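Asks: No sequence on hand, only this structure:
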């Protein structure tokens, strides 16, 4: 399969001198204020925080056409039974992900690019399932670029916490749990050879086994970034995610960035990407031009400092959608 696919249309724009500047896109913003997948509350306010930070206006300033479709319906945790301790709120999270998946399919059918705002990372099951289903109907596959401090490869059998936000990538690769893995009636949603993790630095022992069991070979830890540099890592990551696919979904967990620059995240871990490394990764992503959809998750305004993390999330989204220094 080629990389051309049926990706949302991108029209090149030109400067007065005739040189191409950046592609303009029709972007559809979708909020998923889900916070049942984590122990620490507050990421349900992430979509609002990113909107307050000027997401729509800043993308439109780049020449993009932006539509904000509001938020997906999410149940309030305090009104719900959490279910089994090995996968808390699994039923409600699966229902939210199913609604998200159908919404993402509709966005793509309208020739727009989904920009999903979270919420905890369990919502990625919905967004990726929607993108995968849209291209499956066209007999194409997608890749996934998972940019995160964590691999999110636990299952209910291996999770030490029972928090579903540590399970979405495992679910998308077919390891379960079934209510998440089987959205649209099939599993897996993505192939291991096109699944790429970047920036990993906090993995449970059982997750290492699950990564091997799933057959994922493209795992770039922070050590890889330290030793090889962000450019080399991103170039290899994008080649792997794009090989034989229509393009790739990008799932950006803000805890990938060091807490010095992104303090307001769901699960902060020291030793993450720097401010400039994060922007460089997004700029390289924009240069390649094969992104099908994009999501930003785990922004937690409750523990943020003057909306710094949400503002950085918006900056990074702008870089991913073509903003350049010069």
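Replies: Now that the structure is in, tell me what you want to look at. Being a predicted model, the structure only gives us computed values, none of them experimental.
Asks: Buried by neighbour count: which residues of the top helix by length along the chain qualify?
Replies: Ranked by number of residues, the top helix in the chain under DSSP state H is helix 90-109. For helix 90-109, the neighbour count (16 or more other Cβ atoms under 10 Å) marks 90-108 as buried. Just so you know, the C-beta spots here come from the backbone N, C-alpha and C atoms, and that holds for glycine as well.
Asks: C-terminal to that helix, what's the next element?
Replies: Later in the chain than helix 90-109, the nearest helix or strand by DSSP states H and E is strand 113-118.
Asks: Quick one: mean pLDDT over that following strand.
Replies: For strand 113-118, the mean pLDDT works out to 98.
Asks: residues contacting the closest residue in space to residue 299 that isn't next to it in sequence?
Replies: Of all residues not flanking residue 299 in the chain, residue 46 sits nearest, at 3.6 Å (Cβ to Cβ, 6 or more residues apart in numbering). By Cβ atoms under 8 Å, 6 or more residues apart in numbering, the contact list for residue 46 reads 33, 117-119, 296-301, 310.
Asks: picking up where we left off before, the longest helix of the chain vs strand 113-118, what angle?
Replies: 160 degrees (axes from the mean of the first three to the mean of the last three Cα atoms, to 10 degrees).
Asks: Would you mind pulling the contact partners of helix 90-109?
Replies: Here helix 90-109 has contacts from 8, 28, 30, 32, 34, 36-37, 69, 72-75, 77, 80, 83-84, 113-114, 116, 122-123, 125-127, 129-131, 133-134, 156, 164, 177, 179-180, 183-184, 292-293, using Cβ under 8 Å, 6+ apart.
Asks: could you pull out the helices for the protein?
Replies: 46-52, 55-60, 90-109, 124-136, 168-172, 178-181, 205-214, 222-228, 230-242, 275-288, 308-320.
Asks: Next, format the ones you listed as JSON lines and append distance to residue 269 and mean pLDDT.
Replies: Converted to JSON lines, the helices of the chain look like this (distance: least, Cβ to Cβ, whole Å; pLDDT from 0 to 100):
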{"stretch": "helix 46-52", "distance to residue 269": "18", "mean pLDDT": "98"}
{"stretch": "helix 55-60", "distance to residue 269": "25", "mean pLDDT": "98"}
{"stretch": "helix 90-109", "distance to residue 269": "23", "mean pLDDT": "98"}
{"stretch": "helix 124-136", "distance to residue 269": "18", "mean pLDDT": "98"}
{"stretch": "helix 168-172", "distance to residue 269": "17", "mean pLDDT": "98"}
{"stretch": "helix 178-181", "distance to residue 269": "24", "mean pLDDT": "97"}
{"stretch": "helix 205-214", "distance to residue 269": "14", "mean pLDDT": "96"}
{"stretch": "helix 222-228", "distance to residue 269": "9", "mean pLDDT": "98"}
{"stretch": "helix 230-242", "distance to residue 269": "18", "mean pLDDT": "98"}
{"stretch": "helix 275-288", "distance to residue 269": "14", "mean pLDDT": "97"}
{"stretch": "helix 308-320", "distance to residue 269": "14", "mean pLDDT": "98"}
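Asks: circling back: pull out the buried members of the contacts of helix 90-109.
Replies: Buried among the contacts of helix 90-109 by 16+ other Cβ under 10 Å: 8, 28, 30, 32, 34, 36-37, 72, 74, 77, 113-114, 116, 122-123, 125-127, 129-131, 133-134, 156, 164, 177, 179-180, 183-184, 292-293.
Asks: ok, residue 239 - how many residues close by?
Replies: 13 (other Cβ atoms under 10 Å).
Asks: list the contacts for it?
Replies: Here residue 239 is in contact with no residues (criterion: Cβ under 8 Å, 6+ apart).
Asks: And it, how far from residue 251?
Replies: Distance of residue 239 to residue 251, computed by Cβ to Cβ, to the nearest Å: 18 Å.
Asks: Please apply the same query to residue 287.
Replies: Taken as Cβ to Cβ, the span from residue 287 to residue 251 is 19 Å.
Asks: of these two, who's got more company?
Replies: For residue 287 versus residue 251, neighbours defined as other Cβ under 10 Å are more numerous around residue 251 (27 against 12).
Asks: now that one, which residues is it bridged with?
Replies: Beta-bridge partners for residue 251, by DSSP bridges, are residue 146, residue 295.
Asks: Test my guess that residue 123 contacts residue 35.
Replies: No. Using Cβ atoms under 8 Å, residue 123 is not in contact with residue 35; the gap is 9.8 Å.
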